[in-house]
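Enquirer: take this sequence and fold it.
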Amino acid sequence: MSLIKKFVAALEKPRAERPFGSGWLSGTLSLICGVAALSLAIVLRYPHLFSTPDLAVIHEFIPFRVAFQIFIVFGYVLSFTSLILSRSFMLSSVGFFLVVAASLIQGPAESGSSSMYFGLDFFVLKVLTVGILFLPLERMFPHDPDQTVLRFAWREDFFYFAVSSLLVQALNYLTLAPSEVVNNNFDITEMRHYIFTLPLFIQVFLIMLATDFMQYWLHYAFHKVPFLWRFHSIHHSTQQLDWIAGARMHFFEIAVLRSVTALPMLTLGFDPAAIQVYLIIVYFYSALVHSNLGFNLSFIERWLVTPRFHHWHHGSEREAIDINFAIHFPLFDWLFGTYHMPEDRWPDKYGVAGEDMPKGYFKQFLHPFRPKKKLPPAE
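Expert: Residues are numbered from 1 along each chain as shown. You can find the predicted model right below:
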């Protein structure tokens, strides 16, 4: 067995083989600290290439560099703890190696500038905020208690998560392009001024309402138009949902989705502060509705999209096909006849019914351009 396969096997051990005190948890945490420390070291060393402009201003703050040193220390401590407890040195060795690499890379930032950048700091920030919040919640309050953190196909979804974060510059350009066309060709100054003067919380609500309306119909089209469904089926191909499953989305769909749904937000004169608040809500909300959380939220299910509402959208049984398209407010599904919420029930299974979906990011990237393969009929 190759070293990579041994590493993956150690990371994906069944729950029964990794009880408390086995060194698996400390080894996995040392790996996380190592990845975070190495990523931050690269960002601090090459900020012009791996830092998003909006986040670059915080890199010189003391807490940012303190956080980097904390990851270094905890990475060492956790890797040694795992080394003592575990019979397998695989996780602790990889975690230790990453921390050492981060220690060697750290240093003064290299001078220079670049017109192109990769959002490595954005990726680390998303993992540490969204991931750290939902990982323990899914373990404490799971909808499916048998689903592990490192579930089937988690590597694919994590890769999707990384790609969408690192290519933030390209995605931002594609998102802004249509709104620039509208702003340069239509004069709605009075409306923009009026919206800008509204209270911040009303602006955030209006952004959510407007983007949800746009996304409802775009989402509907991705289900109903065969050409678009070929792209959207990638998002539905995951057979187990959790906080990171929402990241599985074809690059073409991300570009179209962001550029179209962002039109009202970027053209109607909303305060930039309201836009930033909305973007924060979206990052956490997307993780929430895909998460493996079994909270009973029946008191708000008719007013806000919840995990159970969106899980039904991802269900593969007949009653779950082409329902629950809204992202924030079920109102649009009520109005247009696509609302479906069976009382106290969740879908039995997830995925794309009747179609052979490929495994792996690059095969899925090419999937929309290849002939459709149907599954043989069940005997």
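
Enquirer: past the lowest-mean-pLDDT helix or strand in the chain, which element shows up next along the chain?
Expert: Counting by mean pLDDT, DSSP states H and E, the chain has its least confident helix or strand at helix 53-56, which shows a mean of 70. Counting by DSSP states H and E, the next helix or strand C-terminal to helix 53-56 is helix 62-85.

Enquirer: quick one: distance of that following helix to the chain centre.
Expert: Taking C-alpha atoms, centre = their mean, to the nearest Å, one finds helix 62-85 lying 25 Å from the centre of the chain it belongs to.

Enquirer: in it, which residues are buried?
Expert: Neighbour counts using 16 or more other C-beta atoms under 10 Å place 67-68, 71-72, 74-76, 78-79, 81-83, 85 of helix 62-85 among the buried residues. Quick note: C-beta positions are derived from backbone N, CA and C, even for glycine.

Enquirer: next one: stretch 154-172
Expert: Neighbour counts over stretch 154-172 (16+ other C-beta under 10 Å) mark 154, 156-158, 160-166, 168-169, 171 as buried.

Enquirer: can you list those residues in a markdown table and add secondary structure?
Expert: Converted to a markdown table, these look like this (DSSP: H, G, I helix; E, B strand; the rest coil):
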| residue | secondary structure |
| --- | --- |
| 154 | helix |
| 156 | helix |
| 157 | helix |
| 158 | helix |
| 160 | helix |
| 161 | helix |
| 162 | helix |
| 163 | helix |
| 164 | helix |
| 165 | helix |
| 166 | helix |
| 168 | helix |
| 169 | helix |
| 171 | helix |
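
Enquirer: among the residues you listed, which one has the lowest pLDDT?
Expert: Among these, residue 169 carries the lowest pLDDT, at 67.

Enquirer: pLDDT value on residue 122, please?
Expert: Per-residue pLDDT puts residue 122 at 76.

Enquirer: that one: neighbour count?
Expert: For residue 122, the tally of surrounding residues (other C-beta atoms under 10 Å) stands at 21.

Enquirer: same check on residue 33?
Expert: 24.

Enquirer: which ones are touching it?
Expert: Under the criterion of C-beta atoms under 8 Å, 6 or more residues apart in numbering, the neighbours of residue 33 are 71-72, 74-75, 78, 95, 99.

Enquirer: and residue 313, backbone torsions?
Expert: Phi and psi for residue 313, reported as degrees, to the nearest 10, are phi -60, psi -30.

Enquirer: likewise residue 321?
Expert: According to degrees, to the nearest 10, residue 321 has phi -80, psi 130.

Enquirer: so how far is residue 318 from the closest residue to it other than its chain neighbours?
Expert: Once flanking residues are discounted, residue 321 sits nearest to residue 353: 7.5 Å by C-beta to C-beta, 6 or more residues apart in numbering. Distance of residue 353 to residue 318, given as C-beta to C-beta, to the nearest Å: 8 Å.

Enquirer: again, but for residue 131
Expert: Counting by C-beta to C-beta, the gap from residue 131 to residue 318 is 34 Å.

Enquirer: the two - which one has more neighbours?
Expert: Neighbour totals were compared for residue 131 and residue 318, and residue 131 leads with 16 against 7 (other C-beta under 10 Å).

Enquirer: surely the more buried one and residue 243 touch.
Expert: Yes: counting by C-beta atoms under 8 Å, residue 243 is a contact partner of residue 131 at 7.0 Å.

Enquirer: hey, what's in contact with both of these two?
Expert: Counting by C-beta under 8 Å, 6+ apart, no residue touches both residue 131 and residue 243.

Enquirer: so where's the stretch 1-150 of the chain shaky on pLDDT?
Expert: 1, 54, 56-63, 87, 107-117 (pLDDT under 70).

Enquirer: can you give me the helices in it?
Expert: With helices called from DSSP state H, counting those that start in this stretch, the stretch 1-150 of the chain shows them at 3-11, 24-45, 47-50, 53-56, 62-85, 90-105, 120-126, 132-140.

Enquirer: follow-up on the earlier one: I'd like to know how many residues surround the residue nearest to residue 321.
Expert: 14.

Enquirer: was I right to think it contacts residue 319?
Expert: No: applying C-beta under 8 Å, one finds residue 353 not in contact with residue 319, separated by 11.6 Å.

Enquirer: per-residue pLDDT, the residue positioned nearest the centre of the chain?
Expert: Centroid check for the chain by C-alpha atoms, centre = their mean gives residue 247 as the closest residue, at 3.9 Å. For residue 247, the pLDDT comes out at 92.

Enquirer: surely it meets residue 157?
Expert: Yes: Residue 247 is within contact range of residue 157, at 5.5 Å (criterion: C-beta under 8 Å).

Enquirer: per-residue confidence for the nearest residue to residue 323 once chain neighbours are set aside?
Expert: Spatially, and ignoring its direct neighbours in sequence, residue 323 is nearest to residue 340 (4.0 Å; C-beta to C-beta, 6+ apart). Model confidence at residue 340, given as pLDDT, is 94.

Enquirer: residue 240 is in contact with residue 351, correct?
Expert: No: counting by C-beta under 8 Å, residue 351 sits too far from residue 240 to count as a contact (9.0 Å).
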